[in-house]
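Undergrad: Below: sequence and its predicted model.
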There are 2 protein chains.
Amino acid sequence: MTDDLLDDDAPLIPDGYKRMDWFRGFGRQIGPLYERLGADGGYTRAFLVCEHHTNGMGNCHGGMLMAFADTAFGHAVSIAKPDHYWVTVRLLTDFLSSAKLGDWVEGTGEVAGIDDDLFTIKGRIWCGERTIMSGTGVFKALGPRARRR
Amino acid sequence: MTDDLLDDDAPLIPDGYKRMDWFRGFGRQIGPLYERLGADGGYTRAFLVCEHHTNGMGNCHGGMLMAFADTAFGHAVSIAKPDHYWVTVRLLTDFLSSAKLGDWVEGTGEVAGIDDDLFTIKGRIWCGERTIMSGTGVFKALGPRARRR
């Protein structure tokens, strides 16, 4: 049966991760992305490096890692200031190691400082024991938006 | 005839730009991207902001602008050192203005310094008269690769 392909192809997703339900825009285009929420208010986001994330050398494209950093670091603003949109003002990303096709890449961010609506977030992206990227983002919280049901 | 949709939907691409022929990986996923080469060795890359580039507010996603910056700035390394792979070591991106759905976004980079195989590139991304992003990238040239035919 053709539907069996879905099961056969499904990667093993680590416990606690849920697929994010982006159904349009850039979030969907670069997905699937996953999220795991901790009991302490912490979070990690993650993705499996698929063919559509790779560069010419078959590793995860630097642009994908930066796009992931933007969402993985910036989400700390959504945690600190729920129900507000935010935009990225500045992002610095240091590429420390590469991620390969099939790698499970995780990332998170934490608030390092708040000045009015400007949030400075320090973030890290890793694969197992290996740090892939570290960085610092400055994000600006915007006006409120409707709370998600 | 169904094929007419291709013509009806085709956006107007500014003179001199050619669609880049990425047929796999992240380059294809976030495309189409376009390139225009100048007689002086300069270049610009560009893309039209489509639905699959947008964020929750309907503007171009910051992650897309960073991914575009990576290719638009880093290409200066390919110009300076042809037929070599390169990787991104560090990228700093300042978000100065937003790009909207349907905007034609252009970018380029120029070599600011070379230290062995490390290239420092200053880059800019704009839409018409408006600067969208400025940034600085450090890229490392790797070993040679086969010259494209």
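TA: Now that the structure is in, tell me what you want to look at.

Undergrad: Please count neighbours and contacts with C-alpha atoms only from this point.
TA: OK.

Undergrad: For residue A:27, what is the enclosing helix or strand?
TA: Secondary structure here is read from DSSP states H and E; on that basis residue A:27 sits in helix A:25-29.

Undergrad: For chain A, give me the ranges with low pLDDT.
TA: Along chain A, the model assigns pLDDT under 70 to residues A:1-10, A:147-149.

Undergrad: try 50
TA: Filtered on pLDDT under 50, chain A yields no residues whatsoever.

Undergrad: do the helix holding residue A:27 and chain B meet at all?
TA: Yes - contact between helix A:25-29 and chain B is present through A:25-29 (criterion: C-alpha under 8 Å from any C-alpha of the partner chain).

Undergrad: I'd like the residues you listed written out as JSON lines, with neighbour count added.
TA: Converted to JSON lines, these look like this (neighbours: other C-alpha atoms under 10 Å in any protein chain shown):
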{"residue": "A:25", "neighbour count": "20"}
{"residue": "A:26", "neighbour count": "23"}
{"residue": "A:27", "neighbour count": "24"}
{"residue": "A:28", "neighbour count": "17"}
{"residue": "A:29", "neighbour count": "17"}
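
Undergrad: how about the most centrally placed residue in chain A, phi and psi?
TA: Among the residues of chain A, the one closest to the centroid is residue A:72, at 3.4 Å (C-alpha atoms, centre = their mean). Recorded main-chain torsions at residue A:72 are phi -70, psi -40, according to degrees, to the nearest 10.

Undergrad: Show me which residues of chain A sit near chain B.
TA: Within chain A, the positions lying close to chain B (C-alpha under 8 Å from any C-alpha) are A:24-30, A:51-56, A:61-64, A:66-68, A:70-71, A:87-96.

Undergrad: roughly how far out does the strand ranked longest in chain A sit from the chain middle?
TA: What stands out as the longest strand in chain A, according to DSSP state E, is strand A:130-144. Using C-alpha atoms, centre = their mean, to the nearest Å, we find the averaged C-alpha position of strand A:130-144 to lie 10 Å away from the chain's own average C-alpha position.

Undergrad: so what strands line up beside it?
TA: Each strand pairing with strand A:130-144, determined using DSSP bridges, is listed with its direction: strand A:84-95 (antiparallel), strand A:118-127 (antiparallel).

Undergrad: Output those as a markdown table; include the columns mean neighbour count and distance to residue B:146.
TA: Output for the strands paired with strand A:130-144, formatted as a markdown table (neighbours: other C-alpha atoms under 10 Å in any protein chain shown; distance: least, C-alpha to C-alpha, whole Å):
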| stretch | mean neighbour count | distance to residue B:146 |
| --- | --- | --- |
| strand A:84-95 | 21 | 25 |
| strand A:118-127 | 22 | 30 |
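
Undergrad: Relative to residue A:102, which of those strands is closest?
TA: strand A:118-127 (10.7 Å; C-alpha to C-alpha).

Undergrad: Name the residues that touch that closest one?
TA: A:69, A:72-74, A:76-77, A:99, A:103-114, A:131-141 (C-alpha atoms under 8 Å, 6 or more residues apart in numbering or on different chains).

Undergrad: With stretch A:99-110 instead?
TA: So stretch A:99-110 is contacted by A:43-51, A:54, A:58-60, A:69, A:72-76, A:121-128, A:132 (C-alpha under 8 Å, 6+ apart).

Undergrad: ChimeraX command for the buried members of those?
TA: Of the contacts of stretch A:99-110, the buried ones go into a single ChimeraX selection, burial set by 16 or more other C-alpha atoms under 10 Å in any protein chain shown:
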select /A:43,44,45,46,47,48,49,50,51,54,59,60,69,72,73,74,75,76,121,122,123,124,125,126,127,132
